[in-house]
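Chemist: 3D model of this:
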Amino acid sequence: MEIIKEPVITELDERNVACVSFVGNYVGDASVFEELFGKLFSWAGPKQLMGPDTLLMSAYYDDPAVTPPEELKVDVCMTIEDDVEVEGEIKKKKLPGGKYVVMRVELAGAEEYGPVWEKIVGWVMQKNFEIDISRASYEIYLNSPEEHPQGHHILDICMAVK
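Modeler: Purely as a prediction, here's the structure:
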């Protein structure tokens, strides 16, 4: 795990997204995310909705330390224009903006996601911020690991704070 940029407090804009939802234990299970992104891409590809400005992200609604694994909720999302129509398993949402701690990281694989979230929580606590559990926290994916020479994941971890 490499921290590319130290955590910063920033205001994020609200975003329109198309998403596929999942409830259950996703912790450390890359296959859940592969399946969800597969569904999203199968829908978006034929509609030519993937552009250079499209953000891919996961939105988390629970704390795995306190929520039972079978009740964890995640949305796998992509940004879309407001007028895009969705159907079937694909839902449309507005992900809230507001004050977030954002940390850019480079991870060697799926096993490093949990520890990097623990690191950002530690930073938030150390700085005496309060996590805002009323808003989703995100991962914004900045690359495709398949295209990285070492298969690394580069992403922004975005934790909602008050």
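
Chemist: show me the shaky parts of this structure.
Modeler: Within the chain, no range satisfies pLDDT under 70.

Chemist: please repeat the previous calculation with a cut-off of 80.
Modeler: Where the chain drops to pLDDT under 80, the residues are 1.

Chemist: all helices for it, in order.
Modeler: 30-44, 113-126 (DSSP state H).

Chemist: count of neighbours near residue 67?
Modeler: 12 (other C-beta atoms under 10 Å). (Glycine included, C-beta is placed from N, CA and C.)

Chemist: look up how far residue 118 lies from it.
Modeler: Distance from residue 67 to residue 118, counting by C-beta to C-beta, to the nearest Å: 15 Å.

Chemist: cool, residue 88 as well?
Modeler: In terms of C-beta to C-beta, residue 88 sits 35 Å off from residue 118.

Chemist: can you pick out the residue with more neighbours from the two?
Modeler: Neighbour tally, residue 88 and residue 118, criterion other C-beta under 10 Å: the higher count belongs to residue 118, 11 against 8.

Chemist: so which of the helices of the chain is nearest residue 77?
Modeler: helix 30-44 (7.7 Å; C-beta to C-beta).

Chemist: what's the closest one in contact with?
Modeler: Residues from elsewhere that reach helix 30-44 (C-beta atoms under 8 Å, 6 or more residues apart in numbering): 18-20, 22, 24, 26, 50, 56, 58, 74, 76-78, 86-90, 110.

Chemist: residue 28 is in contact with residue 114, correct?
Modeler: Yes - using C-beta atoms under 8 Å, residue 114 makes contact with residue 28 at a distance of 6.6 Å.

Chemist: residues contacting the residue nearest to residue 151 when sequence neighbours are not counted?
Modeler: Closest residue to residue 151 apart from its sequence neighbours, by C-beta to C-beta, 6 or more residues apart in numbering: residue 145 at 5.0 Å. With contacts defined as C-beta under 8 Å, 6+ apart, residue 145 is in contact with 151, 152, 153.
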